[in-house]
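[1] Pasting a predicted model and its sequence here:
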Amino acid sequence: MPIHALVDLPAPAKLNLFLHVVGRRDDGYHLLQSVFVLIDWCDTLHVERRGDGRLARHDLGRALPADDLTLRAARLLQAESGTTAGADLSIDKRVPWGAGLGGGSSDAATTLLALNQLWGLHWPRARLLALAARLGADVPFFVGGRNAFVEGIGERLTPVELTPAWYAVVKPAATIATPTVFADPSLVRDTEAVILSGFFEDTGQRAESGEGRGVAVLAQGFGRNDLQPVAERHCPEVAEVRRWLESRFGNGRMTGSGSAVFARAGTADRPDATLPAQFPAPGWEGRMCRGLPEHPLVHWAG
C-alpha cells in the first residue's frame, strides 16, 4: 500500500558551536570549518501525496517566500527521480529566518526525506546528499542527520558525538543577509585550519570507536565565529543580544551569519539558568533549547 500522507514531521534548527573561515576558492565560495549541533527548536511539516504531479506549499504559520527552498527541494527530487507524483507541503514555521539557525535548509532536508518515503523512491542517503548539496550549503548537514564537524563549503561532514547540552538561543528583531557578511572586505578569511581532535577535551566519555568519531564533550568556548565581528558592525543588535546573554549565562556567541546568538547553559537535566518571560527589547525572540543527539528522521534514509 502506498503512503498517502506523513504528518508532524520535525525540521530542527542548528547551532554553529564555532565557525572558522579558513580560505576562499577561486569561484568565490568561502571554505569553512565548524561543528554543527541539532537543537529542538523545530518547524513542523505535513506532506500529502498528489496524483496530478503538482507541488503546492501551504503556510500554517509565518508566510514564506513564494518560491522557497522547500519547493525547490521538492521540484529537484521530482525531476531527478522522474516520478509522476506530486505533493501538498504544509509548513508550520517556528524557527525564525535571517537568524543563522538553518531553518530553511532544515525544511528542505525534511522535504527530501519525506518525499523519498511518500513517493516510494527509497533512495539511499548518499543519493539524497548529492541533491542536498545542489540546494544550499547547510542542507547536506540536515540530510546527514548527525551532529557533525563540517568542512569545505558545507559538503564535507564528519559525524561527532556530543554530550547533550542546553543552549539559550535569542534572535533580535533585525536580520542579516548572509551575502552582506561574506562580502565585507574586513572579514577574516585565513584562520588556521584545525584538526578534529583539537575540538574536543577527553573527559573519559569517549564516543564509540570508528572512522569519523570524536570525543564526547566539546571543549568549552573553543574557537570563535569569524563572521561575528562583521555581523556586529552591520547589526549592532547582535552585540546587544550577546552582551545580554553574557550577563545571564557568562558566555555568548553568534550562530552562522546571524543574527541569532546562543549561550551554553549546562548539560544537566535542567539548564543552569533560564530566559525571562519578557525580553529587554521589543522584537527579540528565543527559547531554551536542548541539543539533539541526532535528527529525528535520521533513519528515513539508508
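    All right, it came through fine.

[2] ranges for the strands of the stretch 201-302 of the chain?
    Under the criterion DSSP state E, counting those that start in this stretch, the stretch 201-302 of the chain carries strands at the ranges 215-218, 253-254, 261-264, 285-290.

[3] actually the stretch 51-200 of the chain, not the one I typed
    55-59, 86-92, 148-152, 156-159, 166-171, 200-206.

[4] Need the mean per-residue confidence for the fifth one.
    Right, the one you point to is strand 166-171. Averaged over strand 166-171, pLDDT sits at 98.

[5] What segments of the stretch 1-150 of the chain are helices?
    Using DSSP state H, counting those that start in this stretch, the helices of the stretch 1-150 of the chain run over 69-81, 103-118, 125-135, 139-144.

[6] I'd like to know which elements the first one is packed against.
    With contacts defined as 3 or more Cβ pairs under 8 Å, 6 or more residues apart in numbering; DSSP states H and E, the secondary structure elements packing on helix 69-81 are strand 55-59, strand 86-92, helix 103-118, helix 125-135. For every residue, glycine as well, the C-beta is placed using N, CA and C.

[7] and these, which is most packed in?
    Ranked by mean neighbour count under mean count of other Cβ atoms under 10 Å, the helices and strands packed on helix 69-81 are led by helix 103-118, which reaches a mean of 26.

[8] what does the average pLDDT come to for that one?
    Computed over helix 103-118, the average pLDDT equals 98.

[9] Against which helices or strands is that helix packed?
    strand 5-24, strand 30-50, helix 69-81, strand 86-92, helix 125-135, helix 139-144.

[10] change it to 6 Å
    strand 5-24, strand 30-50, helix 69-81, helix 139-144 (3 or more Cβ pairs under 6 Å, 6 or more residues apart in numbering; DSSP states H and E).

[11] tell me the contacts of the closest residue to residue 150 other than its chain neighbours?
    Nearest non-adjacent residue to residue 150, counting by Cβ to Cβ, 6 or more residues apart in numbering: residue 34, 4.8 Å away. Residues near residue 34 by Cβ atoms under 6 Å, 6 or more residues apart in numbering: 16, 19, 150.

[12] returning to what we had before: okay, the strands of the stretch 51-200 of the chain in a markdown table with distance to residue 255 next?
    Converted to a markdown table, the strands of the stretch 51-200 of the chain look like this (distance: least, Cβ to Cβ, whole Å):
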| stretch | distance to residue 255 |
| --- | --- |
| strand 55-59 | 24 |
| strand 86-92 | 21 |
| strand 148-152 | 13 |
| strand 156-159 | 18 |
| strand 166-171 | 8 |
| strand 200-206 | 19 |
